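Engineer: sequence-free structure coming up:
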């Protein structure tokens, strides 16, 4: 019985962790599609955006415009998550973005709250 309880606890932890990291699937799709509108739905009310060294803490609306401008300048061709980690309430992912003939490394920090999952920080660096 003790082994069964231990197994159930471990299975619950694994499932919870897997669900928390699944948050990056739709976010990845929106980055790959250059969809700043849908991507911004994941933004926290205030977040840090760092685009090639230009960093600022801004509102969700300002961040949406910054990302829209980036996607207009560098039209995304592909985006792949290469690493995911962290534990509740903060998870992060690192991905490779091919856009506008350039390659970028994208780092996302997503915080899980009662209201949902929100991007707290997004960093895009040219490789």
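Structural biologist: Looks like it came in fine. The shown structure was predicted, so the numbers you read here are calculated from the model rather than taken from an experiment.

Engineer: hey, where'd the strands end up in this structure?
Structural biologist: In the chain, the segments counted as strands under DSSP state E are 43-51, 54-59, 76-87, 90-99, 102-113, 116-126.

Engineer: how about CSV for the ones you listed, with distance to residue 30 added?
Structural biologist: C-beta here means a position set from N, CA and C on the backbone, and glycine is covered the same way. Below are the strands of the chain laid out as CSV (distance: least, C-beta to C-beta, whole Å):
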stretch, distance to residue 30
strand 43-51, 11
strand 54-59, 18
strand 76-87, 9
strand 90-99, 12
strand 102-113, 11
strand 116-126, 11
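
Engineer: those: which one's closest to residue 35?
Structural biologist: Minimum separation from residue 35 across these (C-beta to C-beta) falls at strand 76-87, 9.1 Å.

Engineer: pull the residues that contact that closest one.
Structural biologist: Outside strand 76-87, the residues within contact range by C-beta atoms under 8 Å, 6 or more residues apart in numbering are 17, 20-21, 24, 28, 31-34, 91-99, 106, 109.

Engineer: show the pLDDT at residue 85.
Structural biologist: We have a pLDDT of 94 for residue 85.

Engineer: tally of neighbours for it?
Structural biologist: 10 (other C-beta atoms under 10 Å).

Engineer: got it, and residue 118?
Structural biologist: Counted by other C-beta under 10 Å, the residues lying close to residue 118 total 19.

Engineer: that one: what's its closest spatial neighbour, skipping adjacent residues?
Structural biologist: residue 44 (3.9 Å; C-beta to C-beta, 6 or more residues apart in numbering).

Engineer: do the same with residue 23
Structural biologist: Per C-beta to C-beta, 6+ apart, closest to residue 23 is residue 117, 4.5 Å.

Engineer: who does the residue nearest to the spatial centre of the chain bridge with?
Structural biologist: Geometric centre of the chain, nearest residue: residue 108, 3.8 Å, by C-alpha atoms, centre = their mean. Under DSSP bridges, the beta-bridge partners of residue 108 are residue 93, residue 122.
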